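Visitor: return a 3D structure for these sequence lines:
(one chain, ligands or ions: 1)
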Amino acid sequence: MTGEGTVSGVEICLDQVTKRYPGSQVAAVDEFSMTIPAGQVVVFVGPSGCGKTTTMKMINRLIEPSSGRITIGGRDALSLNPDKLRRGIGYAIQQAGLFPHMTVGENIGLVPGLLGWQQQKVRARVEELLDLVGLDPAQFRNRFPRQLSGGQQQRVGVARALAADPPVLLMDEPFGAVDPITRGNLQDELLRLQSELRKTIVFVTHDFDEAVKLGDRIAVLGPRSSILQYDTPEAVLANPADDTVAGFVGAGASLKQLTLLRVKDVDLDEAVTAPTDEDPAALHVRLTMQNSKYALLLDARRRPVRWVHVRELVGGGALSTLGRPVEATVTQRSTLQDALEAILTEGGHVPVTGQHGEYLGVVRIDTVMDVIRTLREEHEHDHD
Ligand SMILES: Nc1ncnc2c1ncn2[C@@H]1O[C@H](COP(=O)(O)OP(=O)(O)OP(=O)(O)O)[C@@H](O)[C@H]1O
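Guide: Numbers count the residues shown, from 1 in each chain. This is a model prediction of the structure:
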């Protein structure tokens, strides 16, 4: 994820951090070392029980490490007062973790209040944050958490984590408890927020697709929080470090890479186009001469309306009644994943439209397949 804001996050370093729970023979986290760059989103992904949450909670010392070193922005986290440390680190969890007896406003204003901010300033900050996460302050400020939907609660949870403008945000499956559509919206909003705020975010999830979507880097973790791979989503998808990672990435890994690219990143092809009032016989001649099977009919404002096959042009009838309607189009901003789905609907190619729905070109299935092949080769080459 690249953003335009200035980086407000700081680097986090974990150096041989180990957690041994009392009474347990094996370490839950075993000598974990990682540098998390300032202003980036790093996603910990891995199977249940591998130690993701334990690793994350050692960063804000909700769990005390048994040994090792942690620095946040160059400061030794283990020598700071834990309460003080936590006030400088935003924390968002599944089911939002809001205090049920406090209003939305009180929940969000909690940490700034603890930091001694003036009431007036806290109130202004609450308004600002509710706005930022897309909730109308007048409507939501005085409600209690139980009077909110799951998605709204998660938004408040994110607002609360951001309240004191901390450089670091820890997010533990924050969108785990909402339906897939709300989840997608919350992810989009986090990306939008992050492009402005540029915090350092550590995000824990089970969901590999979520990791690919949100992460600047993904850490795929195995037993005892061992780092199986720590790389960009592109690299993990294209070249999983071993069979375990490959299994976790799952089938269709190279297809998932297509969510990282957009239509504007590839060359468009030209279809044979025709206005809907063209003479079918004349269009037949044009298609034959250009050795094309299909023509794309455009309306008076050059918007794609129908596909017509060359065979359908010989039986007579007005062009506007021939062929079949265009069912899917994409824009320059659509992901190649969306384009591929549309191509499968449309049969081999999909029209690309501009701001006013006007025809710009088509993306063909061959183009998408070439992209997949190139990505795979590039990453194999990188890892030689
Ligand atoms: N308080 C505890 N006492 C003893 N063992 C614990 C404690 N908390 C976690 N563990 C153990 O430590 C290991 C790592 O747990 P952790 O919760 O960090 O994993 P996780 O990857 O976050 O799992 P999940 O995805 O299911 O939340 C597990 O084997 C777990 O049983």
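Visitor: can I see the domain layout of this protein?
Guide: 12-250, 264-370 (automatic domain parsing).
Visitor: pLDDT at residue 379, what is it?
Guide: With respect to pLDDT, residue 379 has a value of 57.
Visitor: and the next element down the chain from the lowest-mean-pLDDT helix or strand in the chain?
Guide: The weakest-scoring helix or strand in the chain, judged by mean pLDDT, DSSP states H and E, is helix 253-256 (a mean of 63). For helix 253-256, the following helix or strand on the C-terminal side (DSSP states H and E) is strand 272-275.
Visitor: so how far is that following strand off the chain centroid?
Guide: 37 Å (CA atoms, centre = their mean, to the nearest Å).
Visitor: what is whichever helix or strand comes after that strand packed up against?
Guide: Under the assignment DSSP H and E, the closest C-terminal helix or strand after strand 272-275 is helix 280-289. Contacts defined by 3 or more CB pairs under 8 Å, 6 or more residues apart in numbering; DSSP states H and E place helix 280-289 against strand 272-275, strand 294-298. C-beta here means a position set from N, CA and C on the backbone, and glycine is covered the same way.
Visitor: for the residue in the stretch 201-350 of the chain positioned nearest to the ligand, which residues are in contact?
Guide: The ligand sits closest to residue 206 of the stretch 201-350 of the chain, with a gap of 5.7 Å, by CB to the nearest ligand atom. Counting by CB atoms under 8 Å, 6 or more residues apart in numbering, residue 206 makes contact with 45, 46, 47, 48, 173, 176.
Visitor: same check on residue 154?
Guide: Counted by CB under 8 Å, 6+ apart, residue 154 has contacts 92, 96, 174, 175, 177, 178, 182, 186.
Visitor: can you do 10 Å?
Guide: The contact partners of residue 154, by CB atoms under 10 Å, 6 or more residues apart in numbering, come to 92-96, 98, 133, 148, 174-178, 182-183, 185-186, 189-190.
Visitor: repeat that for residue 80.
Guide: 61, 72, 86, 88.
Visitor: ok so, going back, give me the buried subset of the contacts of residue 154.
Guide: Neighbour counting over the contacts of residue 154 (16 or more other CB atoms under 10 Å) leaves 92-94, 96, 98, 133, 148, 174-178, 182-183, 185-186, 189-190 as the buried ones.
Visitor: now, these that are in helices?
Guide: Judged by DSSP state H, the buried ones among the contacts of residue 154 include 182, 183, 185, 186, 189, 190 as members of helices.
Visitor: pLDDT at the second one, what is it?
Guide: What it means is residue 183. So residue 183 comes in at 79 (pLDDT).
Visitor: phi and psi next, for the closest residue to it other than its chain neighbours.
Guide: Distances taken as CB to CB, 6 or more residues apart in numbering put residue 175 closest to residue 183, at 4.7 Å, once the chain neighbours are dropped. Dihedral pair for residue 175: phi -110, psi 20, per degrees, to the nearest 10.
Visitor: any idea how far residue 175 lies from residue 338?
Guide: Going from residue 175 to residue 338 by CB to CB, to the nearest Å gives 21 Å.
Visitor: could you do residue 186 as well?
Guide: Remark: distance between residue 186 and residue 338 (CB to CB) = 19 Å.
Visitor: check residue 331 too.
Guide: On the measure of CB to CB, residue 331 and residue 338 end up 9 Å apart.
Visitor: again with residue 50
Guide: Counting by CB to CB, the gap from residue 50 to residue 338 is 32 Å.
Visitor: between the two, who's got more neighbours?
Guide: residue 50 (22 against 18; other CB atoms under 10 Å).
Visitor: show the backbone phi and psi for the residue lying closest to the more buried one once chain neighbours are set aside.
Guide: Spatially, and ignoring its direct neighbours in sequence, residue 50 is nearest to residue 221 (4.9 Å; CB to CB, 6+ apart). When read as degrees, to the nearest 10, the backbone of residue 221 gives phi -110, psi 150.
Visitor: residue contacts, residue 221?
Guide: Counting by CB under 10 Å, 6+ apart, residue 221 has contacts 29, 32, 44-47, 50-52, 55, 204, 227-230, 248.
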